[in-house]
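need coordinates for the below:
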Amino acid sequence: MDYSPNLLAVLVASLLPQIIGFLWYGPLFGSLWMQLVEKTEEELRAGFNPWKNFGVTWVLSVVAAFVLAHVLNMWEEAFAATGWAYGMQGAFWMWIGFVVFASWQEVAFEGKSLMNWGLNMAYNLAALLAMGALLGVWR
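Next up is the predicted model:
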């Protein structure tokens with residue numbers, strides 16, 4: 001099993017969390033999110049660092065897309081399944097098995113509100129589903 005993911009597809013998929021995040025934490029749920037984190041727009045702008053806020057986030061999105069491409073390849077090998085629906089299904093299982101599990105400590109031990117955690121988990125699910133759909137069809 002020698003697999004090399006389509007790097008252009010990985011790069012395009014890595015942009016989807018940025019686009020979804022812009023909408024999610026902007027016009028869709030930005031006001032709610034700011035209330036949940038108890039910050040104003042001014043406070044958010046004051047602590048804004050483009051490299052940290054967008055650069056590192058994008059690099060991690062590239063890593064996530066690359067890993068997801070490999071997982072979906074294994075999914076295809078194991079189940080002869082491909083396409084957008086299977087890509088989304090694989091992304092869902094990755095989300096519930098790893099993202100939800102790993103982030104729960106923020107609620108359980110760090111005091112993050114359940115509502116804030118839920119909003120973030122829903123964003124992560126939307127981002128992963130979009131990446132999975134794209135990577136499921138663009139091989």
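
from here on, contacts and neighbour counts on C-alpha atoms
Fine.

so where's this protein uncertain?
1 (pLDDT under 70).

and the helices in it?
Secondary structure of the chain by DSSP state H: the helices cover 7-23, 30-37, 41-46, 50, 57-79, 84-94, 100-103, 105-108, 114-137.

got CSV for those, with mean neighbour count too?
Listed next are the helices of the chain as CSV, based on neighbours: other Cα atoms under 10 Å:
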stretch, mean neighbour count
helix 7-23, 18
helix 30-37, 15
helix 41-46, 10
helix 50, 10
helix 57-79, 18
helix 84-94, 21
helix 100-103, 13
helix 105-108, 13
helix 114-137, 21
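
what's near enough to touch Gly136?
Taking Cα atoms under 8 Å, 6 or more residues apart in numbering as the contact definition, Gly136 lies against 72, 82-88.

nope, Val99 is what I meant
121, 124.

distance check, it against Ala130.
When Cα to Cα, to the nearest Å is the yardstick, Val99 and Ala130 sit 15 Å from each other.

Ala9 now?
Between Ala9 and Ala130 the distance is 12 Å, computed by Cα to Cα.

Leu15 too?
Taken as Cα to Cα, the span from Leu15 to Ala130 is 10 Å.

and if you look at Trp75?
Noted for Trp75: a distance of 17 Å to Ala130, by Cα to Cα.

what do you get for Met115?
Using Cα to Cα, one gets 23 Å for the distance from Met115 to Ala130.

and the contacts of stretch 72-80?
Counting contacts by Cα under 8 Å, 6+ apart, the residues outside stretch 72-80 that touch it are 3, 81-82, 87, 90, 132, 135-136.

rerun that using 10 Å as the cut-off
Around stretch 72-80, the neighbours that count as contacts under Cα atoms under 10 Å, 6 or more residues apart in numbering are 1, 3-5, 67-71, 81-83, 86-91, 132, 135-136, 139.

restricting to C-alpha, output it in PDB.
What follows is stretch 72-80 as a C-alpha-only set of coordinates in PDB (Å, rounded to 0.1, in the frame of the first residue of the first chain):
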ATOM      1  CA  LEU A  72      -9.800   8.300   3.800                       C
ATOM      2  CA  ASN A  73      -7.400   6.300   1.700                       C
ATOM      3  CA  MET A  74      -7.300   3.500   4.400                       C
ATOM      4  CA  TRP A  75     -11.100   3.800   4.500                       C
ATOM      5  CA  GLU A  76     -11.200   3.200   0.800                       C
ATOM      6  CA  GLU A  77      -8.800   0.300   1.000                       C
ATOM      7  CA  ALA A  78     -10.800  -1.300   3.900                       C
ATOM      8  CA  PHE A  79     -14.300  -0.800   2.600                       C
ATOM      9  CA  ALA A  80     -14.000   0.000  -1.100                       C
END
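
good, we can wrap up now.
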